[in-house]
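Chemist: Need coordinates for the below:
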Amino acid sequence: MEMKLTAKITAKNAMKLAIALIALALFAAAAVAADDGGLFIPAKDITEEAVFYPLEVDGVEMEVFAVKAPDGTIRTAFNTCQVCYDSGYGYYVQDGGVFVCQNCGNRFRTSDIEIVKGGCNPLPITKDLKTVDENGITISRELLIKAKPIFENWKYE
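Modeler: Take a look at the predicted model:
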């Protein structure tokens, strides 16, 4: 016996779907603009599960992520690889306690983010490049502008 499933899209169901998609988009863009037009990441949002903050700076799409490392410190980085960025596919996805480069497959431990510099790893946003207080992390517009060249070929999917 063959069964055929069909879905009836009603205006009510379409509205529920639209609301759910908007909620997802808002969660992904949980960061707010800093006073200087940079990026503010609320401290309450940061957990062991990385939060990715997509943004656009002068027409260039980029992404920053924040994650709580195993030692409890907050780590931030641009979501692009220091080696593979030019390919356009040198961005990371989290797989448990590691981040995996989508271009070369390199696996990078959460505990190494912001500590290890150079090589195939996320481009760190170190303490000297951000402002941290009890409310969150501020990344200046000036730093975001400087990071534009590493995202010009970015093809995040």
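
Chemist: Need the three-state assignment for I150.
Modeler: At I150 the chain is in helix, as set by DSSP: H, G, I helix; E, B strand; the rest coil.

Chemist: ok, it touching T80?
Modeler: Yes. Between I150 and T80 there is a contact at 5.3 Å, judged by C-beta atoms under 8 Å. (Each C-beta comes from the backbone N, C-alpha and C, glycine too.)

Chemist: and for those two, which residues touch both?
Modeler: By C-beta atoms under 8 Å, 6 or more residues apart in numbering, I150 and T80 have these common neighbours: L123.

Chemist: These two: who's more crowded?
Modeler: T80 (28 against 18; other C-beta atoms under 10 Å).

Chemist: Next up, the contacts around the more buried one.
Modeler: So T80 contacts 62-63, 90-91, 122-123, 150-151, 154 (C-beta under 8 Å, 6+ apart).

Chemist: As CSV, the residues you listed with secondary structure, distance to F40 and pLDDT would be great.
Modeler: Output for those, formatted as CSV (DSSP: H, G, I helix; E, B strand; the rest coil; distance: C-beta to C-beta, whole Å; pLDDT from 0 to 100):
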residue, secondary structure, distance to F40, pLDDT
M62, strand, 16, 93
E63, strand, 15, 95
G90, coil, 26, 88
Y91, coil, 22, 90
P122, strand, 20, 92
L123, strand, 19, 92
I150, helix, 21, 91
F151, helix, 19, 92
W154, coil, 22, 83
